[in-house]
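A.B. asks: Curious how this folds, go ahead:
(one chain, ligands or ions: 3)
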Amino acid sequence: MANKRPLYIQYSGPGLLETPLLNKSSAFTREERRDFNLTGLLPYTMETIEEQVVRAYDQYNLCNNDLERHIYLRSIQDDNETLFFRLVQDHLEEMLPIIYTPTVGQACQEFSKIYRNHRGIFVSYPDKDNIDDILHSATKKNVKIIVVSDCERILGLGDQGVGGMGIPIGKLSLYTACGGISPAYTLPIVLDVGTNNPDLLNDPMYMGWRHERISGDEYYEFVDLFIQAVKRRWPRVLLQFEDFAQHTALPLLEKYKDQVCCFNDDIQGTAAVAVGTLLAACKAKGEKLSDQVVTFLGAGSAGCGIAEQIVRAMVLEGLTEELARQRVFMVDRWGLITDEMTELPNFQQRLSQKREHIKDWQVVGEGKDISLLETIQNAKPTILIGVSAQRGLFTEEVIKTMHSHCAKPLIMPLSNPTSKVEATPKEILTWTNGEALVATGSPFSPVHINDKEIAIAQCNNSYIFPGVGLGVLAARAKRVTETMMMVAADTLAACSPIVLTGEGAILPAMSDIQEVSKKIAFAVAKQAQKDGVALEITDEQIKQSIEMNFWKPEYRNYRRASL
Ligand SMILES: NC(=O)C1=CN([C@@H]2O[C@H](COP(=O)(O)OP(=O)(O)OC[C@H]3O[C@@H](n4cnc5c(N)ncnc54)[C@H](O)[C@@H]3O)[C@@H](O)[C@H]2O)C=CC1
Ligand SMILES: CC(=O)C(=O)O
Ligand SMILES: [Mg+2]
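C.D. replies: Ligands and ions are numbered 1, 2, ... in the order given. From the prediction side, this is the model:
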């Protein structure tokens, strides 16, 4: 047991067994059973956590499908968090797809059907006058990281109403499993502002506020009530915005990024993991990022967030911003985004291509609505990124055309969950004779082609946010800056096996994720100091803080706290 210091607690009897953060189930010792009035409430034999994991894993293997596995793991989490995280840690690669994408998507869609137990906080619009009271009802006093969603864009599955709670829960499980943040410090929150999903509104089982979404000033005033209440309750908390829709994601980030310690995972976390992946792939090919030409399908929060980070990285390599922007092509549902398109939101406008630069392109229809295929035929990209949440849009023709211009293209269908992928790795590798480098948002099995087994990198922001959170806590940072996200990307690239050894995968193995998160945390903490948003402590103190904050799923001895 690494942490031998006893924990002084006030709970006893059934109340202790019903407190998931403290419950040890059959692992309570004889003395603890006596001291905390547990004798007779548990079978006689005392077990170790290893024995408990064996039983739990046996039961897990009896489940018939992934949703059942998800429900089973969530039930352990709601009963005994230490056991849950030990089980997940011991079977990380197998269980991440169950507690996170893709299965969490199905769990969100079926939330009201599979609901078992309360977890997290629901801040519902009709309760808007009581948000302080709601936050004070949270049993955790010392919350350090919140993941909050209004659930309007859950993965690529659209508006899931309160069912989206699965996402903050899943993200925070990864904060602990991958970034060592104690579950005692994390809190998932859903802002229930209604839903525009007719299936949910018509579902008699739907558990959220049965009302269409509030919008406009009413929406922003409600979110502000929430943010101000969070600041009063936990002034230093790190707030992660997750799975907001495109029309609110950036405005909320712009509004709050200088007011509270916060970031938007879909814009900034995704940008960092994608640029980290690109940097690693370029190093592996012996090329510079600034030599690449990048095409996006999907110019939303993720697409534009990644594109802006690519521009920043190209500028750091020496390109002018104007030249960098000329190398990035954004295709959305109306085709290539150009400066002739009126009514583009600002974040797309900044990434539009100037007509004069593409005037010589060979396209049909006088250059209106330039398709993805036409963009690829003319721009001849070396990198193709899919963040459109539309299955199948990377067609055989699109991929083969890309391959005809670039011998070893990097193709990244990043949309989640698996059902929304723009093309599967098997399709891409088949159409490119195994020559493309592929990274996906959701996990995929290795592909066998030309007598080779090709592992598929999972380019998901889960490589970034746990380390960023750990770094913010270690340095006690007050803000999350763009440069902190940029060093997270650089550090991820530096951990890539292909960069380190010249062979292997583009991204580190999931089994190494804790060490990667610690490295990202250190770099993020140092950058926070450089940016003047963190404590001035020594490198040694940062490292110590990271190690000290790194929670391990092990039971501690309990002593009775005097009341
Ligand atoms: N791998 C990762 O770490 C991450 C993956 N994602 C995934 O990326 C996808 C998009 O997320 P966001 O950018 O936040 O959503 P968003 O809604 O902001 O953007 C999606 C964009 O795709 C466009 N689009 C829709 N249909 C299209 C079509 N037929 N052709 C071209 N464009 C089309 C939409 O107009 C929109 O601009 C989701 O599936 C999400 O799960 C998001 C964040 C992180
Ligand atoms: C991974 C993630 O954050 C998303 O798909 O929304
Ligand atoms: Mg997300």
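A.B. asks: what does the stretch 351-500 of the chain have sitting close to ligand 2?
C.D. replies: By the criterion of CB under 6 Å from any ligand atom, the positions of the stretch 351-500 of the chain lying close to ligand 2 are 416, 441, 460-461. Where C-beta positions appear, they are placed from N, C-alpha and C, glycine not excepted.
A.B. asks: Ranking by neighbours, what's the top pick from those?
C.D. replies: G441 (31 neighbours; other CB atoms under 10 Å).
A.B. asks: ok, and the closest non-adjacent residue to that residue?
C.D. replies: Computed as CB to CB, 6 or more residues apart in numbering, the closest residue to G441 that is not its neighbour in sequence is L414, at 4.0 Å.
A.B. asks: Ok, R74 next?
C.D. replies: Computed as CB to CB, 6+ apart, the closest residue to R74 that is not its neighbour in sequence is R116, at 7.1 Å.
A.B. asks: Torsion angles phi and psi at the one you found?
C.D. replies: The phi and psi values for R116, taken as degrees, to the nearest 10, are phi -120, psi -50.
A.B. asks: Quick check: it touching I71?
C.D. replies: Yes - shown here, R116 and I71 form a contact pair, counting by CB atoms under 8 Å, at 7.2 Å.
A.B. asks: So those two - more neighbours on which side?
C.D. replies: Just comparing R116 and I71: by other CB under 10 Å the higher neighbour count belongs to I71, 18 against 9.
A.B. asks: Would you double-check that the more buried one falls in a helix?
C.D. replies: Yes - I71 sits within a helix when classified using DSSP: H, G, I helix; E, B strand; the rest coil.
A.B. asks: Next up, the contacts around it.
C.D. replies: With contact set as CB atoms under 8 Å, 6 or more residues apart in numbering, I71 has these partners: 63, 107, 114, 116.
A.B. asks: hmm, back to that, my guess is the residue nearest to G441 meets V387, correct?
C.D. replies: Yes - L414 is in contact with V387 according to CB under 8 Å; the separation is 5.2 Å.
A.B. asks: what residues are shared contacts of the two?
C.D. replies: Taking CB under 8 Å, 6+ apart as the contact definition, L414 and V387 share the neighbouring residues 270, 302.
A.B. asks: returning to what we had before: got a pLDDT number for the residue nearest to G441?
C.D. replies: Confidence per residue is given as pLDDT, and for L414 that number is 98.
A.B. asks: ok, it - how many residues close by?
C.D. replies: The burial count for L414: 31, using other CB under 10 Å.
A.B. asks: May I have the phi/psi pair for it?
C.D. replies: Taking degrees, to the nearest 10, you get phi -100, psi 0 for the backbone angles of L414.
A.B. asks: how much space between E397 and ligand 2?
C.D. replies: 27 Å (CB to the nearest ligand atom, to the nearest Å).
A.B. asks: Any part of stretch 103-115 near ligand 1?
C.D. replies: No - when contact is scored as CB under 6 Å from any ligand atom, no part of stretch 103-115 falls within range of ligand 1; the minimum is 8.5 Å.
A.B. asks: number of nearby residues for the residue in the stretch 151-300 of the chain that ligand 2 sits nearest to?
C.D. replies: Among all residues of the stretch 151-300 of the chain, L155 sits closest to ligand 2, at 4.5 Å; criterion: CB to the nearest ligand atom. Other residues within reach of L155 by the criterion other CB under 10 Å amount to 26.
A.B. asks: can you list the residues of the stretch 251-400 of the chain near ligand 1?
C.D. replies: By the criterion of CB under 6 Å from any ligand atom, the positions of the stretch 251-400 of the chain lying close to ligand 1 are 266, 270, 273, 297-303, 331-333, 387-390, 393.
A.B. asks: Filter those down to the buried ones.
C.D. replies: The neighbour-count test (16 or more other CB atoms under 10 Å) applied to those identifies 266, 270, 273, 297-303, 331-332, 387-390, 393 as buried.
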